[in-house]
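Asks: starting from these lines, generate the structure:
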Amino acid sequence: MLGFKKFRCARVLLGGIEVMHMIVKRQLNDCSVGQTPAQQFYSLA
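Replies: Next up is the predicted model:
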């Protein structure tokens, strides 16, 4: 990977990665019981 072209793109991508890690660790207080982590991520978008 050569790097990010713009700071905004890097910020959005890294933010999404952090949210996904929080979902997998069950740190989000969301009422989506029975959903996979991917389904929870897409429901937030």
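Asks: for the nearest residue to L44 once chain neighbours are set aside, give its distance to K5.
Replies: Spatial nearest neighbour of L44, excluding adjacent residues (CB to CB, 6 or more residues apart in numbering): V19 at 6.9 Å. Yep, even glycine has a C-beta here, placed from its N, CA and C like the rest. Using CB to CB, to the nearest Å, we find V19 at a distance of 22 Å from K5.
Asks: ditto for Q39
Replies: Relative to K5, and taking CB to CB, Q39 is found at 31 Å.
Asks: neighbour count winner among V19 and K5?
Replies: V19 (16 against 8; other CB atoms under 10 Å).
Asks: send me the one helix or strand the more buried one maps to as CSV with only the CA atoms.
Replies: Following DSSP states H and E, one finds V19 within helix 7-24. The C-alpha trace of helix 7-24 is given here as CSV (Å, rounded to 0.1, in the frame of the first residue of the first chain):
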residue,chain,number,x,y,z
PHE,A,7,-6.4,13.0,5.0
ARG,A,8,-10.2,12.7,4.8
CYS,A,9,-10.0,9.2,3.2
ALA,A,10,-7.6,8.0,5.9
ARG,A,11,-9.8,9.4,8.6
VAL,A,12,-12.9,7.7,7.2
LEU,A,13,-11.2,4.3,6.7
LEU,A,14,-9.5,4.2,10.1
GLY,A,15,-12.8,5.3,11.8
GLY,A,16,-14.6,2.4,10.2
ILE,A,17,-11.9,0.0,11.3
GLU,A,18,-12.2,1.3,14.9
VAL,A,19,-16.0,1.0,14.9
MET,A,20,-15.7,-2.6,13.6
HIS,A,21,-13.3,-3.5,16.4
MET,A,22,-15.6,-2.0,18.9
ILE,A,23,-18.5,-4.1,17.6
VAL,A,24,-16.5,-7.3,17.7
